[in-house]
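Asks: task: produce atomic coordinates for the following.
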Amino acid sequence: MDSKSNHSSPVLTDPIPINKSRLGIHSNLLSYPQSGGSLSPGKHKMTPRKKPAKLDDVRSNGWLDAMKSSSPPRKKLIKGFNIEVPADDIDIAYHSWMIKYPSALKSFEQISKHAKNKKIAVFLDYDGTLSPIVDDPDRAFMSDAMRSAVRNVAKYFPTAIISGRSRDKVYELVGLTELFYAGSHGMDIMGPVKHTGSDDGHPNCVRSIDQEGKEVNLFQPAREFIPMIDEVFRTLVENTKDIKGAKVENHKFCTSVHYRNVEEKNWPIIAQCVHDILKDYPRLRLTHGRKVLEVRPVIDWNKGKAVEFLLESLGLSDRDDVLPIYIGDDKTDEDAFKVLKEGNMGYGILVSSVPKESNAIFSVRDPSEVKKFLKALVRWKRLEEA
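Replies: Numbers count the residues shown, from 1 in each chain. Here you go, the predicted model:
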């Protein structure tokens, strides 16, 4: 691979497939058998529910605890240290925490030594990693300086954005054709074509042509869930419309309910609303993000699987001379950190200004330090090639 060449440039609208891809996943990826049990939205009626009278369900199943854990109070229990510290003392705890998760910037010499003579692949989350966390997710814009840093990284290393947002939306926010994009937590990937291997004819992976005339793989392991997700989205919009501050987003293969701007006293109500709706959809599950409830298909797929898929597509899997680096800030990024850590494949870098347990190896405090790290990678690579 020419380290300076730009990589194939995927477009973000679904192209017309021209033939089956050689890459794909097998039917056992689904947690439920594919035969029987139609996913047609006609079965469930979009009936608005009244505000729940009882909130026992979400209290007993731990949903409320999970929601509160994504919004640290003035005092925070620091996992692994068995201490509770006031917010004013959080820096002391953070520096102690960094013994276990050292700064990727201060550890850059160690990282670069390990990277010598290896092919680096860079994977990036978007919200909280390339852009700051903001009250309105529609206004989570990355800076021009960050966009420039990401563009320069992509000149030297294959680079992908793996986001919980829809693929189209994250491309709209990033706006770089040099990258590969995986939306909906990796359930919607526009990636490179691998030209070796047999054609297994999997319907969820198809060969397509982008706007620049290049072949790409469009991989959507949860394609059959689209009607169901769309129905749940509409139901959630209807049933949360009276909860001030609630915002529902449709990410095509999953849907999210943001409660960042909802008063904490109303969190049980919004949680119970989601719980009641999911009772009718046993093939969907709830996951927790940063002040967001996310409804996703019950399939064996996540950001970690997306990293493995993209490495395979790039011809970089099962090799000793490859160093994947994944940078993210959310719980959903832990699946990717875990894949890299358990396989001793590369480095996970957690973006966090507060101590928390993680499968990552290193840490940075915020998006500004992510930008510094990306710039350091580019400088190092240029010196290597000088």
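Asks: next one: residue 152 from residue 216, what distance?
Replies: 23 Å (CB to CB, to the nearest Å). Placement of C-beta: from N, CA and C, glycine included.
Asks: the host helix or strand of residue 96: what's the following helix or strand?
Replies: Following DSSP states H and E, one finds residue 96 within helix 90-97. Per DSSP H and E, helix 90-97 leads on to helix 108-115 as the next helix or strand towards the C-terminus.
Asks: could you chop this structure up by domain?
Replies: Recorded structural domains for the chain (assignment: the TED database) are 101-187+301-385, 225-297.
Asks: for the helix holding residue 96, output the C-alpha coordinates as CSV.
Replies: The C-alpha atoms that make up helix 90-97 are tabulated as CSV, following Å, rounded to 0.1, in the frame of the first residue of the first chain:
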residue,chain,number,x,y,z
ILE,A,90,-11.4,15.3,40.4
ASP,A,91,-8.0,16.3,38.9
ILE,A,92,-6.2,14.5,41.8
ALA,A,93,-8.2,11.3,41.1
TYR,A,94,-7.7,11.8,37.3
HIS,A,95,-3.9,11.9,37.7
SER,A,96,-4.0,8.7,39.9
TRP,A,97,-6.2,7.1,37.2
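Asks: mind checking the end-to-end distance for stretch 129-138?
Replies: 15 Å (CA to CA, to the nearest Å).
Asks: mind checking which of residue 152 and residue 216 has more residues around it?
Replies: Remark: of residue 152 and residue 216, residue 216 carries more neighbours, 24 against 19, as counted by other CB atoms under 10 Å.
Asks: who does that one form a beta bridge with?
Replies: As for beta bridges, residue 216 partners with residue 208 under DSSP bridges.
Asks: thought it was touching residue 205?
Replies: No. Here residue 216 does not reach residue 205: they are 11.0 Å apart, not a contact under CB atoms under 8 Å.
Asks: still on that earlier bit, do you know which of the domains of the chain lies nearest residue 66?
Replies: Taking CB to CB, domain 225-297 is the member of those nearest to residue 66, at 4.5 Å.
Asks: ends of the closest one, how far apart?
Replies: 7 Å.
Asks: number of nearby residues for the residue nearest to residue 134 when sequence neighbours are not counted?
Replies: Taking CB to CB, 6 or more residues apart in numbering, and ignoring the residues beside it in sequence, residue 134 has residue 140 as its nearest neighbour in space, at 5.2 Å. By other CB under 10 Å, 18 other residues sit near residue 140.
Asks: who's in contact with residue 140?
Replies: 126, 127, 131, 132, 133, 134, 173 (CB atoms under 8 Å, 6 or more residues apart in numbering).
Asks: give me the neighbour count for the third one.
Replies: The one in question is residue 131. 20.
Asks: what does residue 209 give?
Replies: Residue 209, neighbours per other CB under 10 Å, totals 14.
Asks: and it, how far from residue 356?
Replies: Distance from residue 209 to residue 356, by CB to CB: 43 Å.
Asks: hey, what's residue 292 bridged with?
Replies: On the basis of DSSP bridges, residue 292 takes part in beta bridges with residue 258, residue 289.
Asks: shouldn't it be in contact with residue 256?
Replies: Yes. Shown here, residue 292 and residue 256 form a contact pair, counting by CB under 8 Å, at 5.0 Å.
Asks: where along the stretch 251-386 of the chain do the helices fall?
Replies: Listed in chain order, the helices of the stretch 251-386 of the chain (DSSP state H, counting those that start in this stretch) span residues 267-278, 303-313, 334-342, 367-385.
Asks: now do residue 381 against residue 232, distance only.
Replies: Per CB to CB, residue 381 is found 44 Å from residue 232.
Asks: looking at those two, which one has more neighbours?
Replies: Looking at residue 381 and residue 232 with other CB under 10 Å, you find the greater number of neighbours at residue 232, namely 25 against 20.
Asks: show me what contacts the residue nearest the centre of the chain?
Replies: Most central residue of the chain, judged by C-alpha distance to the mean C-alpha position with CA atoms, centre = their mean, is residue 163 at 3.6 Å. When contacts are counted by CB under 8 Å, 6+ apart, residue 163 is found next to 125, 126, 127, 170, 181, 182, 183, 185.
Asks: just the pLDDT for residue 345.
Replies: pLDDT, the model's per-residue confidence, is 92 for residue 345.
Asks: what of the one 3 residues further on?
Replies: Taken from the predicted model, the pLDDT recorded for residue 348 is 98.
Asks: which elements pack onto the helix or strand hosting residue 182?
Replies: Using DSSP H and E, residue 182 sits in strand 180-183. If you count contacts as 3 or more CB pairs under 8 Å, 6 or more residues apart in numbering; DSSP states H and E, strand 180-183 packs onto strand 159-162, helix 167-174, strand 188-191, helix 303-313.
Asks: contacts for the third one, please.
Replies: Judged by CB under 8 Å, 6+ apart, the contacts made with strand 188-191 from elsewhere in the structure are 10-12, 160, 166-167, 180-183, 210, 216-220, 252-253, 306, 309-310, 313-314.
Asks: about what we covered before: between the domains of the chain, which one is nearest to residue 68?
Replies: If you check each of the domains of the chain against residue 68 by CB to CB, domain 225-297 wins as the nearest, at 7.7 Å.
Asks: what is the burial count for residue 170?
Replies: Neighbours of residue 170 under the rule other CB under 10 Å: 27.
Asks: measure the nearest residue to it once chain neighbours are set aside to residue 235 for me?
Replies: Closest residue in space to residue 170, ignoring its immediate chain neighbours: residue 163 at 4.4 Å, by CB to CB, 6+ apart. Note on residue 163: its distance to residue 235, by CB to CB, is 24 Å.
Asks: redo the helices and strands packed on strand 180-183 as TSV? Include mean pLDDT.
Replies: Formatted as TSV, the entries for the helices and strands packed on strand 180-183 read as follows, by pLDDT from 0 to 100:
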stretch	mean pLDDT
strand 159-162	98
helix 167-174	93
strand 188-191	90
helix 303-313	94
